[in-house]
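Enquirer: whatever this is, show me its structure:
(chains A, B and C)
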Amino acid sequence: MDHPFAITLDVGSSLNNQTGSWRVSRPVYLDRLPPCNNACPAGENIQEWLFHAESGDYETAWRALTKNNPLPACMGRVCYHPCEDACNRITVDSAVGINSVERFLGDEAIKKGWKFDKPATETGKKVLVIGAGPSGLSAAYHLRRLGHSVTIRDAGPKAGGMMRFGIPSYRLPRDVLDAEIQRIVDMGVEIKLDSHVANVLQAKTEGKFDAVFLAVGAHIGKHTNIPAGAAAKIVDAVSVLRSMEGGEKPLLGRRVVIYGGGNTALDVARTAKRLGATESIIVYRRNREKMPAHDFELEEALEEGVVMKWLSTIKRFDDDGKLTVEKMKLDETGWPQPTGEYETLEADSVVLALGQDVDLSLLDGVPGLVINKGVVEVNKQMMTGAAGIFAGGDMVPSERTVTVGIGHGKKAARNIDAWLKGETYDAAPKHDLAVADNLNTWYYTDAPHTVRPTLDMVRRQSTFEEVVKGLDETNALYEARRCLSCGNCFECDNCYGVCPDNAVIKLGPGKRFKFNYDYCKGCGICASECPCGAIKMVAEDI
Amino acid sequence: MLKQIEGSVSTAEAIGLCRPEVICAYPITPQTHIVEGLGRMVKQGAIKNCEFINVESEFGAMSACIGSSVAGARTYTATASQGLLFMCEAVYNASGMGLPIVMTLGVRAIGAPINIWNDHSDAMALRDAGWLQLFAENNQEAGDLHIQAFKLAEAVSIPVMVCVDGFILTHAVERVDIPTQEDVDAYLPPFDPVQVVDPKAPMSIGSMVGPEAFTEVRWLQNYKYGQAEKMIPALNTEFKARFGRDTGGLLRTYKMDDAEIVAVAMGSVNGTIKDTIDQLREEGLKVGLVTLVSYRPFPAEALKAALKGHKTVVCVERAFNFGMGGPLSSDLEHALKTLPNTPRVLTCIAGLGGRPITRASLREMFKKAKKEPWNGMLFLDLNQKIVDDEVKHMTSVRKSGPLAENVVARVKTPAAE
Amino acid sequence: MNNILDLEPTQKLKFYQKGTFTVGNRLVSEEERAVQSSMGRSNSINCGHRGCRGCGEALGARFAVDAAMRACDNNLVVVNATGCLEVFSTPYPESAWQVAWVHSLFGNAAAVATGVAAAYRVKGRKEVRVMAQGGDGGTTDIGLGCLSGMFERNDDVMYICYDNEAYMNTGVQRSSATPPAARTATTDAVGPEPGNVFGTGKSVARIAMAHRIPYVATATVADLHDLERKVIKSMSIHGARYIHINVPCPLGWGAQSHDTIRLARLAVETGIFPVYEGEYGKVTESRKIRDRQPVEAFLKPQRRFAHLFKKPNDPRIAQIQAIADANIAEFDLIAKEDQE
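Expert: Below you'll find the predicted structure:
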């Protein structure tokens, strides 16, 4: 103290005054569950891979992504992205284009030839996966990562299941599908094609498998009884889409009527257009609001000239191509009721897109296995009533999408792994959901969603080229950086910056922050100004 | 070098020789000529390495002085009267912060009524502001005291006010010996402040001090006054050795040995008093004089030593406290009360608002002190008729009008009313 | 530090929308991040100061002084006017300052700074820069004379006013920066005209511009990047400079301690506090409102305005809205693309 007494003071001597004693509530850091992660049926940690993509580290992003989903290039095209519906950014401008970034990462991986690591150790356990669709492929991938030996058997001539035989190539180009399947094969997964399994128990025993995952899908088109002439052409949607993969394209004529209101109906209607139909009409018994198909797909179909006939059912289809349709109206419960009014359409063929059934013949005689309403019952661990036999995808009760199937495959794989070790898999408890109210969105620039470029309409109608194009690198980066990082610290330094008492200690890149409770007065500015809601105030015990 | 020169100019030259680094100037009569002179010297380059700042008020002047002094620069300003009062808050602040600023006070009356002429009301008003106050008798002393003031202020870290009677000295042309730069440099070393606000060694200067330390801070300030009291005679001795003349240190005496009556006074009136004493002594009245140079610190011991054994002391004061008396008289009585046979202290209030203090009036006053010493204040040359008339007027008429204007009217037309 | 000066008033970080307005941002270079994001920031006013919980002035002071410190390589002298900031930072025996700091009086910070600058100039210490700071009372009221003198002489001083819109240190009395209708201890919310008068207002930023000094700016604690850029820009200039920073006071405004930054943001978004900068007497740039809000959004969270909401549609709210609208028009606060 080399200065006059009292009127002059040493710098920084206020450290002797520990203002933390003023506090009535304290800030604490926490992590919340981002709504995208919460909504993803495949259980992707979307926020995590967007975080890496933001800084342009695409390989790390892709590796983070594929911890949960081995098929990002496919998912980036066909997933209906419930993550985006849940995205909190909707309250600011529009959802982050998660799906398009996922596709960018998937395509980047194919372009750069990134491979999955082989398992470090082999468990010596053998698992049979029946069905090479999304669920089966996902299960095989995850089981292989865990060190198990995996064999997939599929009745079809090529792997991919409904991704190949149910989704038109303009939505999912086959080279992309092939590349992502090959990457799984390269890990050491064996795929046996044209290998129909007639009896699961026999197959298990003969192959000396320790466990089985059933994922045969739902490939049998549902029919309805339409009075029709002998020459009237009525086919089912699954067959039409499957035959698109063969050498012989289906002959549907110039006037095609599709019966149904799901995504498959739209796929067929758009496929018919591309096969040369002048009229592609969807007849659906309810209205647009009640239609199960996704609106953006309907929008694309309408842009391509597909015509919708709402509130209509097909009554008869005569040999001369006359299709009789009855007008319907919705009752108070939203259910369609006949009106007795009829009209006539001209049609060369009618395609039934009324849903699919599962071929369950391979399960005959499996003790304990329960079938209910045409699907297999499983417990929380995805196991059927038969020990060691698990099931997932379209053949168990759930929403039938590729993403759900991939999620089933992952979940089943973890449970199979645990079961093989004689354990039970316990998922880590979920954090509280990060909701929009937790955020302080002022800190984010208003930045509109990058719309994926769509193919020029004429080309789209006449070819099977991909309709929705991917993002280029700058666009992908831009889109990734729109992520708000809901509920998880992204080290924006706001808490460190806005504390009037310097009571936040910055620990350095990647290490986040900690509070200095010796001086924190508990004002709560850090919590209010945290953009992503990763701080909450907790009352002190006083 | 001897010059026949105006007091303000000689004072400015002496200040210039002290190598001030920052000068803050705001005009107020009668100190204006000093800062005008300094401004000219800075612009001409006669004073080197000096910032001359024309500020917007006396408050700004002292504030800028505080800034430059706390940043380690030798700092000077000048003011008077209303200006001193306007900067009053900063005057206290400068001393509380221990900043050795030197300020010339062109000593002047305070309004209302507004009056630009000399008395000591301004200096007395701020006598307790924590500054040292030195009074010059003539322009030689005015210059010499400034040279000592910088050395004194910087030695004890207390600001010094050099009080130079307005007009009587500032505007008087006298013969003044202006010292050489070499001698001043030899006498006055460069400023070595006890603390500086400097990014090289940051500290927090000017803290808030509560009851737990305020008494100690004030005690220490007072202790420095004691140091100053010891230092002033030493600095004067040193000054005399260098320049061959002196200012007397704390006080000077004149014809004290056999004095029946001793006058005590500050400032320019001492010259007139000395002339009066010479005249009275010829007439047989033995009057002596103590010229107080240092009013703050108040040199109680030196005064006791000088006045010991004298019976009657007359304080000739150019200011007074309403309802109380002369400030110098009060201080003096307080200082002398421990003497055996305490001298009687009479108070003569003289020269208010520039009224000339004549030898004739002083002579009568000293004679009266001998013959019929008075109690309370004697107002030299008071026109008793005017005040009596006005008292009568204002006690009889409720709306009696403004005092100052009424008196002025009575002075012009003595027959009024 | 030149690179930050090259940036536009609104950072054009096209691909950095996450964190464009946050304190730090791992996606941009260190230079483009706020001074406050740096682990090596000065923390000019450190832990342990006695500012109230959620004090906007403590925050504003650290933002501004840290930025100034960086801009002059820590060769800074700070002169502080009397007021909250001075009292809560330097009560004997503890000082929170970690800079060369001096306090003299309430109304003389600008003049003291002039003196400090003069001293360093005469000593040839060109590297030393001087700033003065005070609250709205010490600046817009009692210190205005010294401030105007400092401006007019174009002394090399940066003056920062932390405006919390009343005399908070003495117990929330009205200052010339107190907004109309606001309740303070000397403009109580009683009688037929509760709260502060609807006067003509007093903008010291505009008074500063009338002196045609090289740089004048307004800022708030809600927009750190803007604030720091202005301080750093100001430090690149020699001569008199003035920055007026809006710093909400939870105690004086009757607001939640965690709403300090939010209220500053709302003051801007409503148009009540225009954020702009000017050079040599002319407004050169204004910060556009990003999400315009009605004045009620700003008024309602503050108990000093509670009397405006006792009955519906108090006409004085419309009067305050008119003031905000006039600010928006005068300072062109709505971006062209947002104008309908």
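Enquirer: just confirm yes or no for the one helix or strand B:Thr215 maps to near chain C.
Expert: In the assignment (DSSP states H and E), B:Thr215 maps to helix B:214-243. No - shown here: helix B:214-243 not in contact with chain C (CB under 8 Å from any CB of the partner chain), separated by at least 8.7 Å. Just so you know, the C-beta spots here come from the backbone N, C-alpha and C atoms, and that holds for glycine as well.
Enquirer: assign B:Ala109 to helix, strand or coil.
Expert: Here B:Ala109 is coil, with the state taken from DSSP: H, G, I helix; E, B strand; the rest coil.
Enquirer: I'd guessed it sits against B:Asp122; true?
Expert: Yes - contact criterion CB atoms under 8 Å: B:Ala109 and B:Asp122 qualify, at 7.5 Å.
Enquirer: so what's in contact with these two at the same time?
Expert: B:Ser81 (CB atoms under 8 Å, 6 or more residues apart in numbering or on different chains).
Enquirer: who's in contact with the residue lying closest to A:Lys322 once chain neighbours are set aside?
Expert: Once flanking residues are discounted, A:Lys322 sits nearest to A:Thr344: 5.4 Å by CB to CB, 6 or more residues apart in numbering or on different chains. Contacts for A:Thr344 (CB under 8 Å, 6+ apart) come out as A:322-325.
Enquirer: so which of these are in strands?
Expert: Cross-referencing the contacts of A:Thr344 against strands under DSSP state E gives A:322-325.
Enquirer: from the residues you listed, list the buried ones, please.
Expert: A:323-325 (16 or more other CB atoms under 10 Å in any protein chain shown).
Enquirer: okay, and A:Val240 sits in which element?
Expert: A:Val240 belongs to helix A:237-243 when assigned by DSSP H and E.
Enquirer: helix or strand next in line after that helix, which one?
Expert: Helix A:237-243 is succeeded, C-terminally, by strand A:255-259 (DSSP H and E).
Enquirer: the closest residue to B:Pro202 other than its chain neighbours and B:Val197, how far apart?
Expert: Excluding its sequence neighbours, the residue lying closest to B:Pro202 (CB to CB, 6+ apart) is C:Ala100, at 4.1 Å. Computed with CB to CB, to the nearest Å, the distance linking C:Ala100 and B:Val197 is 5 Å.
Enquirer: same thing with B:Leu85?
Expert: Note on B:Leu85: its distance to B:Val197, by CB to CB, is 28 Å.
Enquirer: the two: which has the busier surroundings?
Expert: Between B:Leu85 and B:Val197, counting by other CB atoms under 10 Å in any protein chain shown, B:Val197 is the more crowded of the two (29 against 19).
Enquirer: could you grab the helix/strand/coil label for the more buried one?
Expert: Under three-state DSSP, B:Val197 falls in the coil class.
Enquirer: what residues does chain A have near chain B?
Expert: Taking CB under 8 Å from any CB as the contact definition, chain A meets chain B at A:3-11.
Enquirer: burial measure for the closest residue to chain A within the stretch 101-250 of chain C, as a count.
Expert: As assessed by CB to the nearest CB, chain A sits closest to C:Leu224 within the stretch 101-250 of chain C, at 6.1 Å. A count of neighbours around C:Leu224, defined by other CB under 10 Å, yields 26.
Enquirer: and what of C:Pro194?
Expert: Residues near C:Pro194, counting by other CB under 10 Å: 17.
Enquirer: who are the packing partners of the longest helix seen in chain A?
Expert: Across chain A, the longest stretch assigned as helix under DSSP state H is helix A:402-420. Identification of packing neighbours for helix A:402-420 by 3 or more CB pairs under 8 Å, 6 or more residues apart in numbering or on different chains; DSSP states H and E yields helix A:72-78, helix A:134-145, strand A:211-214, strand A:389-391.
Enquirer: wait, which of the ones you listed is closest to C:Val87?
Expert: Ranking those by proximity to C:Val87 (CB to CB) places helix A:72-78 first, at 60.0 Å.
Enquirer: quick one, helices of the stretch 1-150 of chain C?
Expert: Taking DSSP state H, counting those that start in this stretch as the criterion, the stretch 1-150 of chain C contains helices spanning C:2-6, C:56-71, C:84-89, C:109-122, C:136, C:144-152.
Enquirer: what would these look like in JSON lines with mean pLDDT and distance to A:Pro531?
Expert: Formatted as JSON lines, these follow (pLDDT from 0 to 100; distance: least, CB to CB, whole Å):
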{"stretch": "helix C:2-6", "mean pLDDT": "43", "distance to A:Pro531": "22"}
{"stretch": "helix C:56-71", "mean pLDDT": "98", "distance to A:Pro531": "17"}
{"stretch": "helix C:84-89", "mean pLDDT": "97", "distance to A:Pro531": "28"}
{"stretch": "helix C:109-122", "mean pLDDT": "98", "distance to A:Pro531": "36"}
{"stretch": "helix C:136", "mean pLDDT": "97", "distance to A:Pro531": "30"}
{"stretch": "helix C:144-152", "mean pLDDT": "98", "distance to A:Pro531": "37"}
